[in-house]
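>>> need coordinates for the below:
(chains A and B, ligands or ions: 4)
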Amino acid sequence: MPFEGLTGRLQDAFSGLRKKGKVTEADVKDVMREVRLALLEADVNYKVVRNFVKTVREKSLGEEVLGSLNGGQQVVKIVNDELTELMGGEQEKIIFAEPGQGPTVYMMTGLQGAGKTTTAGKLANYLRKYEKKKPMMVAADIYRPAAIDQLQTVGRDLDIPVFSMGDQVSPVEIAKRGLDEAKAENRDVVIIDTAGRLHIDETLMDELEDVKAAVNPHEIFLVVDAMTGQDAVNVADSFNERLNITSVILTKLDGDTRGGAALSIRSVTNKPIKFTGTGEKLDALEPFYPDRMANRILGMGDILTLIERA
Amino acid sequence: SFTRRLNELLANFRYEDEEFFEELEDLLIESDVGFEATMHIADTLRYESKVQNVRSMKDAERVIVQTMVDMYGETNPDHHFFNENKDGLTVVLFVGVNGVGKTTTIAKMAHQYIEKGQKVVMAAGDTFRAGAIEQLHVWGDRVGAEVVSTQQGGDPAAVVYDGIETARNSGADILLIDTAGRLQNKKNLMNELEKMKRVISREIPDAPHETLLVLDATTGQNALNQAKIFKETTDVTGIVLTKMDGTAKGGIVLAIGKELGIPVKFVGLGETMNDLHPFDTEKFAYGLFKELIEQTA
Ligand SMILES: Nc1nc2c(ncn2[C@@H]2O[C@H](COP(=O)(O)OP(=O)(O)OP(=O)(O)O)[C@@H](O)[C@H]2O)c(=O)[nH]1
Ligand SMILES: Nc1nc2c(ncn2[C@@H]2O[C@H](COP(=O)(O)OP(=O)(O)OP(=O)(O)O)[C@@H](O)[C@H]2O)c(=O)[nH]1
Ligand SMILES: [Mg+2]
Ligand SMILES: [Mg+2]
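Residues are numbered from 1 along each chain as shown, chains lettered A, B, ... in the order given. Ligands and ions are numbered 1, 2, ... in the order given. Down below sits the predicted model:
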């Protein structure tokens, strides 16, 4: 376990409170110092951390927490509830076109190397398997060397069609024609792969706006690497401002990152995280569970069990 | 003028002002420097201010940059040194997690050597990811380097062996070896990498002359884990910090320098073959807190 130290310290801090009947302001302050540190180490944005700590501190000292639970349990519970709440509380479903209004159109967007192309394949596979859809993918990344080959290989592995017009036609045109093709071929979901780009690249961000205007997507997914640090807020904020993204997909959660970026993104965009990528294989896509993510960021699951047992 | 003197006075006053230190801390945290390293830098400045070594903005700038440079380990003479085999083939192995920029960095480096009139061979050791081999071939055509590859799903160690053979037979100056992205917690994939490295050393005892860990500047604290585990497995000799053309600061490399002693040797500043540059520690350290100086000055 790579985080034993972190979780251990938090757990010690909470245990310190455990035997106390009533929490004092100083107790809460001490324990929140550890929480703050742990959140920062987990890559939660420092401004988000500041607000979080403030909220938890206020709630911990408020009257509503005085009950049968002991001090440690109270604060742990507040931290856990608040984290889950910030993560979005409930799991949110993917959006489809109204019956008869199809096909459903999705757009994959994000920084370079985040996992858009792989996730396009995973999503197509997932929708075919669990939603009985007939997806098609559209190769609208005309910049990255062999991006089209990559998507075509993914399509071949899955036996799902990939629409491409080479790399000499504009992404807007490719997206439009892809949509026509899907209608003609009776495909009910169209997933458009786009090139990775920096959120500060005006020209390429304009291009995404144009693609959006041309095909009116039902979902614009912002694909984000779970290992992202403090910059996650800038990226998410810019993409959201330009495109009004509908939801987020968090990739590479099979790694040993805490994934605090999830919390940052959620709190700056207020858009739900709908899926997580948990491997390189094309079946490694899972629905997002806010409570599990909250557990992961602070190791709260371990802490809760230990506190309850003690 | 009076206003200027007043402003200077105010600027000086800020050093006794805890608010300034807190702003500095926020800025360092925001740059992914990490909590511990941030506190080290801020506390050093607090101490220097207390013992009156710091009175002006310039003093502060000097102390902060110096603290970062010291902490990063600039005193180590091996920093920045790029180990080339002067009278034979230089072999460079590229490793790192998924999507950080390994393949693109190889193309950039190949371009630099070709510009210098050297002969470059690239080995497509990523036989796993869809389109990885084609990607390296496209780059090979663009920069003018020979690419050695097998089909997707082939044995990466065999490609490495073929790469070495081809590079030797064709009298190449440098062999750049691409590998599949892998997360550091995947034991079997890390073992595969170790095996590739063993093949290289068996063929050429001094090789690889450099093992470069490619890190994405956008990555947060996990980069430290990446560096630690890749170092254990492949004895990383340097870091390439990519995607520094975005808004991420890549501050985690300070902690990596401090805790693991691995120096950054190059930075990636874009997606074209011309976007690889040597790393300048002081410029980097200054860049991390430039905003603060500008905003307060
Ligand atoms: N371990 C792991 N790797 C992933 C996951 N999702 C994507 N990857 C890997 O991340 C790397 C980048 O994925 P791509 O799908 O090419 O990313 P992209 O966003 O399309 O990249 P660009 O088109 O260059 O911007 C590849 O090596 C993928 O195999 C995941 O959930 N887990
Ligand atoms: N903006 C920017 N993008 C970069 C830089 N270096 C690489 N990229 C982009 O990042 C994406 C991933 O680059 P690759 O070279 O394929 O990364 P990789 O590490 O080989 O990826 P895998 O083989 O899938 O693990 C591509 O879209 C590149 O164009 C850089 O310095 N700046
Ligand atoms: Mg892609
Ligand atoms: Mg690659």
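
>>> list the buried residues for stretch B:247-265?
The neighbour-count check on stretch B:247-265 (16 or more other Cβ atoms under 10 Å in any protein chain shown) flags B:247-260, B:262-265 as buried. C-beta here means a position set from N, CA and C on the backbone, and glycine is covered the same way.

>>> wait, I meant stretch B:40-49
Neighbour counts over stretch B:40-49 (16+ other Cβ under 10 Å) mark B:40, B:41, B:42, B:44, B:45, B:46, B:48, B:49 as buried.

>>> stretch A:88-107 now?
Judged by neighbour count using 16+ other Cβ under 10 Å, the buried positions of stretch A:88-107 are A:88, A:92, A:94, A:96, A:102, A:103, A:104, A:105, A:106, A:107.

>>> now that stretch, how far from the chain's geometric center?
Relative to the mean C-alpha coordinate of its chain, stretch A:88-107 is positioned 16 Å out (Cα atoms, centre = their mean, to the nearest Å).

>>> quick one: residues in contact with that stretch.
Residues outside stretch A:88-107 that contact it (Cβ atoms under 8 Å, 6 or more residues apart in numbering or on different chains) are A:123, A:131, A:133, A:179, A:182-183, A:187-192, A:194, A:208, A:211-212, A:215-221, A:246-247, A:266, A:272-275, A:287-290.

>>> tell me how far the closest residue to residue B:186 other than its chain neighbours lies from residue B:228.
The shortest distance from residue B:186 to any residue that is not its chain neighbour, by Cβ to Cβ, 6 or more residues apart in numbering or on different chains, is 7.9 Å, and that residue is residue A:254. As judged by Cβ to Cβ, to the nearest Å, residue A:254 and residue B:228 stand 18 Å apart.

>>> just the buried residues of stretch A:88-107: which are in strands?
In strands, defined here by DSSP state E, the members of the buried residues of stretch A:88-107 are A:104, A:105, A:106, A:107.

>>> could those residues go into CSV alongside pLDDT and distance to residue B:186?
Formatted as CSV, these follow (pLDDT from 0 to 100; distance: Cβ to Cβ, whole Å):
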residue, pLDDT, distance to residue B:186
A:104, 98, 34
A:105, 98, 35
A:106, 98, 29
A:107, 98, 30
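
>>> for the residue in the stretch 51-200 of chain A positioned nearest to ligand 1, which non-adjacent residue is closest in space?
Sorted by distance to ligand 1 under Cβ to the nearest ligand atom, the residues of the stretch 51-200 of chain A start with residue A:196, at 2.1 Å. Of all residues beyond its chain neighbours, the one nearest residue A:196 is residue A:112 (3.3 Å), with distances taken as Cβ to Cβ, 6+ apart.

>>> strands along the stretch 201-310 of chain A, start to end?
A:219-225, A:247-251, A:273-277, A:285-287 (DSSP state E, counting those that start in this stretch).

>>> now the first one: mean pLDDT?
For strand A:219-225, the mean per-residue pLDDT is 98.

>>> show me what that strand is packed up against.
Using 3 or more Cβ pairs under 8 Å, 6 or more residues apart in numbering or on different chains; DSSP states H and E as the contact test, the elements touching strand A:219-225 are strand A:104-109, helix A:116-131, helix A:232-243, strand A:247-251, helix A:261-269.

>>> how about those in TSV, adding distance to residue B:148?
Formatted as TSV, the entries for the helices and strands packed on strand A:219-225 read as follows, by distance: least, Cβ to Cβ, whole Å:
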stretch	distance to residue B:148
strand A:104-109	32
helix A:116-131	25
helix A:232-243	36
strand A:247-251	30
helix A:261-269	37
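
>>> so for ligand 4, which of these sits nearest?
Proximity to ligand 4 (Cβ to the ion) singles out helix A:116-131 among the helices and strands packed on strand A:219-225, at 12.3 Å.

>>> which other helices and strands contact the closest one?
Of the remaining helices and strands, those touching helix A:116-131 by 3+ Cβ pairs under 8 Å, 6+ apart are strand A:104-109, strand A:135-140, helix A:147-158, strand A:189-194, strand A:219-225, strand A:247-251, strand A:273-277, strand A:285-287.
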